[in-house]
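Colleague: Structure for this input, please:
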Amino acid sequence: MLMLTGCSISVSAQMGNSSDLIKKIANLKQKTGYLRDTAYTNAINQLAFFYADSYPDSALVLLAGQADQCRKAGYPLGETEAYKIMGNAYQTKGNFEKALDYYERANQLAETNNFKKSIPGILNNIGLVFTNQGNYPEALKKFYETLRAADAVNNKFVFGSALNNIAIVHFYQGKMDEADSAYKKTLDIAVQMNDSIRIIYAYNNIGEVNLEQKNTAGALDNFNKAYQLALLKNNPEMQVVITNNLGNTYLKEDSLQQALYQYENALRLSREKDYGLATCKALLGLANVRYRQGMLKEALINGLDGLEKAKQMGQTQLSRDANKIVADIYEKSGDGMNALKHFKMFMLFSDSLNNLANERAAANENANYQISQKELQFEKKSLQQRWITFSAFAGLLSLGVILWIIYRNKKRLNKTYKDLQQKSELIKAQKQEVEDALTKLKSTQALLIQSEKMASLGELTAGIAHEIQNPLNFVNNFSEVSNELIDEMKEELDKGDINEAKSIATDIKENLEKINHHGKRADAIVKGMLLHSRQTQGTKEPTDINALCDEYLRLSYHGLRAKDKNFNSDFKTNFDGSIGKINILPQDIGRVLLNLYNNAFYSVSEKKKTAGENYQPLVSVSTLMIKGLSGINRVEIRVEDNGNGIPEKVVDKIFQPFFTTKPPGEGTGLGLSLSYDIIKAHGGEIIVKTKYSGTAALAERKDAGTEFIVQLPLE
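Modeller: Coordinates of the predicted model:
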């Protein structure tokens, strides 16, 4: 919703534009004693007012010391306007506490000096602050005071603004028909006054009502009308507000890319101009889009940024919306405790915005305003007795109606209170069920993750067993041969053939060296197994990435061979020798590599069953040093297979926990999810490229297969 300020200074009408004002100020500075010149003071106020909505920091710089200077010069009207414009600037920045402080100073000065024409605009702006803070009873009170004050001085401009802002409260309370009717009245008033800014506001607000009524076509039509006019008038504040609303509309239509584009533009422009409210709304919009896209980490960053912004501004409604999306993200991420914490905050803010006190305050203030209007009409007419009698009768009748309404509302309140008690008990019971379910879910998740780790360890152990068999065979064979050579050497010594005995001793020594070599190789394999199975301490260490890739490739291959004697596949490597050692957690990166290798070998093995004799399974592994233009280098590890590939419709899901393309019982769906988390924890990326050949018609395509690219930054 776009709320309208009450303004007593019209820059476009009085001074044309900011360049004219700057020239006028420069000319006035040529005069002696210009600081005490009211014309100079007014020009400064006018220029600051021009900047307050779009360049609030510039406005505050212009007004620094302005109020004190007006006080010294004995010019209270200038001081009043300075305070009010400072309130406008702080409201634009989203600092509502400071805005309210300056508005109240302006109102006190206006009351003291009987500036009746200034009072309506100030009251309207105070109402805006209360609306932004979610304090609807106080907001309505100020808006109705504005209507009375504006009507008393025949200020249609502020009257229309207050009417628009009352409609906003109706909108927040869900009274869309009343809000739509009021906004269309404000549009008519703006057109009659030829006020382009108010026309933009009206189109935007009608579009928001359309959106709430699920009329997205109408919403887009009205938002685009508002946006084109905002571009024509070069109004960046309106552009960013409407861009956020276009994002909301596309989000409701589930056009996520369009919504993302609009929110990103809104965030960029709002941060450039330091628009606090618009920045917060854009962040929450991005959080919603990325939540729907399954980008939970990015969504959480945007959501928490938006929540912090809402807290800083004391914005009740945005705090409610921020807690809702953050709770949803935590819930989908499996973080039940944080989800429950933010859901409770969402409910608290929702209750504060929708309680019955707001409804009663709206009805009471409306009734008071209607009675006040009747009294003014009667005073303006005749003082004859029949009008006085009629007035008294009308007052008594109104009092009777009000008393009846109070009685009826009291009965409804009692009934509502009982209903709320029952709902509260139901919510407590449901909360306990949710907490129990969450506990069970966490336990199940822990078991599944442990199962995945044990499966990974089992495959690794099978590979290691196969690898260690080779050096053990060498040790056994050379031991047996050496034993036979010792017997031969004894025979030659008995014969006295020393030279032959020495020759045999030389052979025995060579055998022992080979036994020692292969024993050390077996020892290295065992140490590697222990290194992989130990709990990581989170400390990175220099690691030869090429050696790590090669070691786990062979362990994966032999592990699968140990499980399935019919499994066979070629594999080749192409390592960049310039990489050297990089700082990583070798155990964690080893788990990632093992998962990628196992998936690649599984894919080519499955394709071999259907592709025919001409198909040759192949898994390729390569590393490459990439030198970035910005000076930040990275290492790429590519694992490529010529298997069936991954269906396009599930590619976006493969990194989600518990999602698997394997048949039931052959995969937990956690391998790639854990790999994704490990690479992210290293500050890297994991990318998948694939071409699918799952149908019979495509089964023979030679370019099918999958490539996983792991990018690790060099520290």
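
Colleague: Skip the chain neighbours and tell me the closest residue to residue 571.
Modeller: Excluding its sequence neighbours, the residue lying closest to residue 571 (C-beta to C-beta, 6 or more residues apart in numbering) is residue 619, at 4.5 Å. Where C-beta positions appear, they are placed from N, C-alpha and C, glycine not excepted.

Colleague: And what about that neighbour, helix, strand or coil?
Modeller: Here residue 619 is strand, with the state taken from DSSP: H, G, I helix; E, B strand; the rest coil.

Colleague: Quick one: list the elements packing against the helix or strand hosting residue 61.
Modeller: Using DSSP states H and E, residue 61 sits in helix 56-63. When contacts are defined as 3 or more C-beta pairs under 8 Å, 6 or more residues apart in numbering; DSSP states H and E, helix 56-63 packs onto helix 38-52, helix 76-93.

Colleague: any idea how far the residue nearest to residue 571 is from residue 654?
Modeller: 18 Å (C-beta to C-beta, to the nearest Å).

Colleague: quick revisit: so for the residue nearest to residue 571, what's the pLDDT?
Modeller: On the pLDDT scale, residue 619 is placed at 95.

Colleague: ok, it - how many residues close by?
Modeller: 25 (other C-beta atoms under 10 Å).

Colleague: Residue 573 is in contact with that one, correct?
Modeller: No. When contacts are counted by C-beta atoms under 8 Å, residue 619 is not listed as touching residue 573 (9.7 Å).

Colleague: Who are the contact partners of residue 545?
Modeller: Applying C-beta atoms under 8 Å, 6 or more residues apart in numbering to residue 545 gives the contacts 579, 581-582, 584, 589, 623, 635, 637, 712.

Colleague: tell me the two of these that are most distant?
Modeller: Spanning the widest gap among the contacts of residue 545 are 581 and 637, at 14.6 Å by C-beta to C-beta.

Colleague: Which one's more surrounded, these two?
Modeller: residue 637 (26 against 12).

Colleague: wait, is the more buried one part of a strand?
Modeller: Yes. Counting by three-state DSSP, residue 637 is part of a strand.

Colleague: From residue 710, how far off is it?
Modeller: From residue 637 to residue 710 the distance is 4 Å (C-beta to C-beta).

Colleague: May I have the helix or strand hosting residue 552 exported as PDB, CA atoms only?
Modeller: Assessed by DSSP H and E, residue 552 sits inside helix 545-563. Below are the C-alpha coordinates for helix 545-563, written out as PDB (Å, rounded to 0.1, in the frame of the first residue of the first chain):
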ATOM      1  CA  ILE A 545      44.300 -33.400  -4.800                       C
ATOM      2  CA  ASN A 546      45.500 -35.500  -7.800                       C
ATOM      3  CA  ALA A 547      46.600 -38.300  -5.500                       C
ATOM      4  CA  LEU A 548      43.400 -38.200  -3.600                       C
ATOM      5  CA  CYS A 549      41.300 -38.300  -6.700                       C
ATOM      6  CA  ASP A 550      43.300 -41.300  -8.100                       C
ATOM      7  CA  GLU A 551      43.200 -43.200  -4.800                       C
ATOM      8  CA  TYR A 552      39.500 -43.000  -4.300                       C
ATOM      9  CA  LEU A 553      38.800 -43.800  -8.000                       C
ATOM     10  CA  ARG A 554      40.600 -47.100  -7.600                       C
ATOM     11  CA  LEU A 555      39.000 -47.800  -4.200                       C
ATOM     12  CA  SER A 556      35.600 -47.200  -5.600                       C
ATOM     13  CA  TYR A 557      36.200 -49.400  -8.700                       C
ATOM     14  CA  HIS A 558      37.600 -52.300  -6.600                       C
ATOM     15  CA  GLY A 559      34.800 -52.000  -4.100                       C
ATOM     16  CA  LEU A 560      32.200 -52.400  -6.700                       C
ATOM     17  CA  ARG A 561      34.100 -55.300  -8.300                       C
ATOM     18  CA  ALA A 562      34.100 -57.000  -4.900                       C
ATOM     19  CA  LYS A 563      30.300 -56.600  -4.600                       C
END
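
Colleague: between the helix or strand just after it and helix 545-563, what angle do the directions make?
Modeller: Next helix or strand after helix 545-563 toward the C-terminus (DSSP H and E): strand 570-574. Interaxial angle of strand 570-574 relative to helix 545-563 (axes from the mean of the first three to the mean of the last three C-alpha atoms, to 10 degrees): 170 degrees.

Colleague: From the contact counts, what lies against strand 570-574?
Modeller: Checking 3+ C-beta pairs under 8 Å, 6+ apart, strand 570-574 ends up next to helix 545-563, strand 618-627.

Colleague: Give the pairing partners of the host helix or strand of residue 708; include direction for each.
Modeller: Residue 708 belongs to strand 705-713 when assigned by DSSP H and E. Neighbouring strands of strand 705-713 in its sheet, by DSSP bridges, are strand 633-641 (antiparallel), strand 685-691 (antiparallel).

Colleague: and for the helix or strand hosting residue 323, what are the contacting residues?
Modeller: Per DSSP H and E: residue 323 is located in helix 316-333. Here helix 316-333 makes contact (C-beta under 8 Å, 6+ apart) with 133-135, 172, 277, 280-281, 284, 287-288, 291, 296, 299-300, 303-304, 306-307, 309-311, 336, 338-343, 345-346, 349-350, 352-353.

Colleague: Next step: those restricted to strands.
Modeller: Judged by DSSP state E, the subset of the contacts of helix 316-333 located in strands is empty.

Colleague: circling back: now do the residue nearest to residue 571 against residue 551, distance only.
Modeller: Applying C-beta to C-beta to residue 619 and residue 551 gives a distance of 15 Å.
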